[in-house]
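>>> Got a predicted structure plus its sequence, pasted below:
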Amino acid sequence: MRLKVAFQMDPLPSLNYAADTTVALIFEANRRGYELYFYEPHQLTWSNHQVRAPLFPLSIDTAMMPPLILSKSEMRDLSDMDVIWIRQNPPFDLGYFTNTYLLESLPPTTLVLNAPHGVRNAPEKLLITKFAHLMPPTLITEDLEEITAFQETHGDIILKPLYEFGGAGIFYLKPGDVNLAVATEMMRKSYPTQPWMVQKFLPEVRQGDKRLLLLDGELIGGFSRIPAEESIRSNLVRGGQGQPYHPTEKDKKICQELAPMLKEMGLFFVGLDIIGDYLTEINVTSPTGIQMLNKLNKMHVERLVWDKVLEKRV
């Protein structure tokens with residue numbers, strides 16, 4: 001089956017060709033001979049019951065760097081596509097929110113991944129609150145007194161914005177830290193429309209957190225991410241190093257508990273973050289990790305993904 005596939009993405013210059021999952025998905029789709037297109041989220045247009053975008057035909061020339069090449073765009077009805085991948089990064093703001101509503105109006109003959117209603121109802125740091133028993137002690141607030149009381153109970157804490165990604169805006173604060181007031185002031189200035197998440201600091205993060213990848217509710221593998229020296233942020237974009245990791249029985253039980261909800265919400269490709277035995281995030285907007293998992297475990301995860309897409313298209 002020769003699929004017509006559109007990728008809703010950030011601008012191409014932002015891609016990391018050696019690491020990004022989107023790149024792996026595009027290259028595999030090209031290997032299979034699919035018809036590929038690119039557009040940016042802000043380019044969606046709704047008119048007369050149609051959702052349209054200027055689709056740029058996407059081709060690959062491995063002799064060039066960067067290898068992805070765009071041809072002249074043409075305004076197209078997105079219902080002409082067989083598959084649309086939502087692959088732009090957060091933050092999950094009103095523009096992202098609106099985008100999910102527009103994509104949701106497409107007919108079921110166009111498979112949107114992940115499902116727009118699922119993405120809209122699953123902000124990554126909030127979705128885990130449905131599984132509070134799996135989380136570390138957590139507080140969501142903008143109240144400095146609440147944060148101070150939480151810190152008095154739990155000691156070292158992590159303060160982070162709710163709707164950022166890639167470790168952006170994270171503060172590590174010890175009890176009595178004079179920087180707490182400064183940190184909250186900076187949060188108010190940098191993220192004026194976002195509440196904050198406060199969590200008990202988990203020292204196990206120094207040995208790395210775990211990224212597990214789920215495909216249509218099934219665990220396909222994982223790896224650990226070791227923070228750079230003198231850092232508590234293990235995100236690969238923040239200098240974290242990927243290491244081989246074999247999911248434990250505890251990890252598998254967490255995945256099994258989440259699977260029914262993920263499938264019901266249409267969250268087809270998901271990345272879980274686990275520190276120690278605690279679930280810390282459920283990544284659904286643009287989860288990454290395929291290239292690292294391939295490298296560490298000699299896999300071709302992108303092939304598994306496209307095979308599953310074909311199953312859902314039948």
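Received, thanks. Numbers count the residues shown, from 1 in each chain.
>>> where exactly do the helices run in the stretch 51-200 of the chain?
Secondary structure of the stretch 51-200 of the chain (DSSP state H, counting those that start in this stretch): helices at 94-104, 116-120, 124-127, 144-154, 179-190.
>>> With mean neighbour count as new columns, can the ones you listed be given to me in TSV?
From N, CA and C alone the C-beta is placed, and that goes for glycine too. TSV is the format used below for those (neighbours: other C-beta atoms under 10 Å):
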stretch	mean neighbour count
helix 94-104	16
helix 116-120	21
helix 124-127	22
helix 144-154	15
helix 179-190	14
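>>> for the chain, longest strand please?
Assignment by DSSP state E gives strand 50-60 as the longest strand of the chain.
>>> Buried residues of that one, list them for me.
V51, R52, A53, P54, L55, F56, L58, I60 (16 or more other C-beta atoms under 10 Å).
>>> thinking T129 is in contact with L139, fair?
No: counting by C-beta atoms under 8 Å, no contact exists between T129 and L139, whose distance comes to 11.1 Å.
>>> Give me the more crowded residue out of those two.
L139 (19 against 12; other C-beta atoms under 10 Å).
>>> Would you mind naming the residues that bridge with the more buried one?
Partner residues in beta bridges with L139: V198, with DSSP bridges as the criterion.
>>> and the gap between F38 and A115?
F38 is 21 Å from A115, where distance means C-beta to C-beta, to the nearest Å.
>>> quick one: pLDDT of the closest residue to F201 other than its chain neighbours?
With C-beta to C-beta, 6 or more residues apart in numbering as the measure, D156 is the residue that lies nearest to F201, at 3.7 Å, once sequence neighbours are left out. Reported pLDDT at D156 in the predicted model: 94.
>>> The one 10 residues further on too?
Model confidence at G166, given as pLDDT, is 68.
>>> still on that earlier bit, from what I can see the residue nearest to F201 touches K174, true?
Yes: the pair D156 and K174 passes the contact test of C-beta under 8 Å, sitting 5.3 Å apart.
>>> Counting neighbours, which bits of stretch 21-39 end up buried?
For stretch 21-39, a neighbour-count test (16+ other C-beta under 10 Å) marks 21-30, 34, 36-39 as buried.
>>> now, which of the buried residues of strand 50-60 sits nearest H133?
V51 (39.4 Å; C-beta to C-beta).
>>> Alright, calling it a day.
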